[in-house]
Structures are given as structure tokens and as C-alpha cells.
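1. quick one, structure for this:
(2 chains)
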Amino acid sequence: DTGVSQDPRHKITKRGQNVTFRCDPISEHNRLYWYRQTLGQGPEFLTYFQNEAQLEKSRLLSDRFSAERPKGSFSTLEIQRTEQGDSAMYLCASSTGLAEHNEQFFGPGTRLTVL
Amino acid sequence: AQKITQTQPGMFVQEKEAVTLDCTYDTSDPSYGLFWYKQPSSGEMIFLIYQGSYDQQNATEGRYSLNFQKARKSANLVISASQLGDSAMYFCAMSRSARQLTFGSGTQLTVLP
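-> Predicted structure coming up:
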């Protein structure tokens, strides 16, 4: 399978716990994006990387959220001290980074439930 | 800032008929890309079609075509010969310079047998 993969697919945690999600992009893609999607809404941008450099972060990304892409391949998204409002689908996408025709390919997502 | 508006929360279409899903956008950037994604109940976002702001012709991909009217800032998706498997949520999105996508709120399409 050469698509974007995410792990875990589902995560249930108690409020106040830390969680970490992993994303493996398509191998030749140097851009990696994180989005959050709540029920009935379109995905909202969180952050993106060009290789290992984090180029942009949304205001949605509070100080409890941190993302890394240490070797320019897979990425992790950590949420510290989870809150019930963090319950959402977390989507990862990757792209070639070309300015033109730069479609992003999405993974299956990680559904987070904070109790 | 970029904004995408999808005014149809839900649409119904009879199997084998064509359907148009509306999308309008707002941006001050001269160069941008417009995208349509399909999200079935399984949750995965599936890329359907892309239109560049400088493209002279409307994009087509199989049964999908994008009706791009730049002056009106609209990028409607047309699905021809609808199939039951087309039932899903459809999102319009835009980006500039390979940066993040800005999504609309989506349209839930139901194909009736």
C-alpha cells in the first residue's frame, strides 16, 4: 500500500491524558499536513511541514499541541492534557509541494474521543 | 484570507442523472488552486478533481467535471451519470502555492435508486 497511513485509527482517552498520533506520508512527498475535522464540518488546517521544517501553524494549534517531522518522513502530532473539545478526526495529508496541481492525498484519519 | 462557501447542505439525485454541486470562493490571490474531495461514510478524503486559476479549460476527470467561472468566483462540480456509490459528503477546497487547503462546509449527496 503506497498511500498515506495513520496510526492509530481510533483513540479513546480520559481528559487530562496525553496522546500521540503518527502519520506516514507517500514516500516521494515532501509536504505533510495535519487537519482536524469535527462532525458535520470540513477539515480545518492545523500545521504543515516541508521536509522536516514546520512552515506554518494555525491559531487552532494551541500550546498543548505539538507536531514533529524529525527526518522529513513520518510525522507525529501530540496533544497534551487532552480536553473534551479535542474530540475530533485528525487527518494527515501529503503532497509533492509543487506550486501547480498540488493535490493533497489524505490518510484514513485518527478518530480521537476524550471522555 | 481565503473562504469557500457551499450553500447546499444536502442534495438528492436520481441514479444515472447528472447533478451539480455549488461552490463559490473568495480570495485576493491571483494564483490559486481549486479542489473537490469526496468523503464517504468511512471517513477518508478522496481527491476528485483540480482546477488551476490560470487554466483556460474546465477540468474533467471521468464522470467529474469542474465548471469554473473565474469572474463569478465559482467552481461547481458536475457529476454525470450518478451511481449509488457516489452517495457521500463532497467538499470544495482551495489553496495557493501548495500551502494548506481551505475547505467549505460540504454537501451531502444522496443518490436514489
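
2. all contacts plus neighbour counts: C-alpha atoms, from now on.
-> OK.

3. residue ranges for the strands of chain A, please.
-> A:5-7, A:10-13, A:19-24, A:31-37, A:44-50, A:53-57, A:65-68, A:75-79, A:88-95, A:105-106, A:110-114 (DSSP state E).

4. flag every residue of chain B that's near chain A.
-> B:33, B:35, B:43-47, B:50-52, B:91, B:96-106 (C-alpha under 8 Å from any C-alpha of the partner chain).

5. pick out the residue nearest the middle of chain A.
-> Residue closest to the mean C-alpha point of chain A, counted by C-alpha atoms, centre = their mean, is A:Trp34 at 3.1 Å.

6. which residues does the residue nearest to that one when sequence neighbours are not counted contact?
-> Leaving aside its chain neighbours, A:Trp34 sits nearest to A:Cys92 (4.6 Å; criterion: C-alpha to C-alpha, 6 or more residues apart in numbering or on different chains). Going by C-alpha atoms under 8 Å, 6 or more residues apart in numbering or on different chains, A:Cys92 touches A:4, A:6, A:23, A:32-35, A:106-107, A:109.

7. now with 6 Å, please.
-> A:33-34, A:106-107 (C-alpha atoms under 6 Å, 6 or more residues apart in numbering or on different chains).

8. could you do A:Lys57 as well?
-> Here A:Lys57 is in contact with A:46-47 (C-alpha under 6 Å, 6+ apart).

9. now it: how far from B:Cys92?
-> Distance, A:Lys57 to B:Cys92, using C-alpha to C-alpha, to the nearest Å: 22 Å.

10. B:Ile46 now?
-> In terms of C-alpha to C-alpha, B:Ile46 sits 12 Å off from B:Cys92.

11. could you do B:Thr24 as well?
-> Taking C-alpha to C-alpha, one finds B:Thr24 at 9 Å from B:Cys92.

12. quick check: which of the strands of chain A is nearest to B:Asn67?
-> strand A:105-106 (22.5 Å; C-alpha to C-alpha).

13. now do the helices in chain B.
-> In chain B, no segments count as helices under DSSP state H.

14. can you pull the pLDDT of the nearest residue to B:Glu17 once chain neighbours are set aside?
-> Nearest residue to B:Glu17, sequence neighbours excluded (C-alpha to C-alpha, 6+ apart): B:Ala81, at 4.9 Å. pLDDT, B:Ala81: 96.

15. torsion angles phi and psi at B:Ala81?
-> Dihedral pair for B:Ala81: phi 50, psi 60, per degrees, to the nearest 10.

16. B:Ser105 now?
-> Torsion angles, degrees, to the nearest 10, at B:Ser105: phi -80, psi -10.

17. any low-confidence regions in chain B?
-> Chain B contains no residues with pLDDT under 70.

18. okay, strands next: where are they in it?
-> So, for chain B - with DSSP E - the strands run B:3-5, B:10-14, B:19-21, B:24-26, B:33-39, B:46-52, B:60-61, B:64-69, B:74-79, B:88-95, B:102-103, B:107-112.
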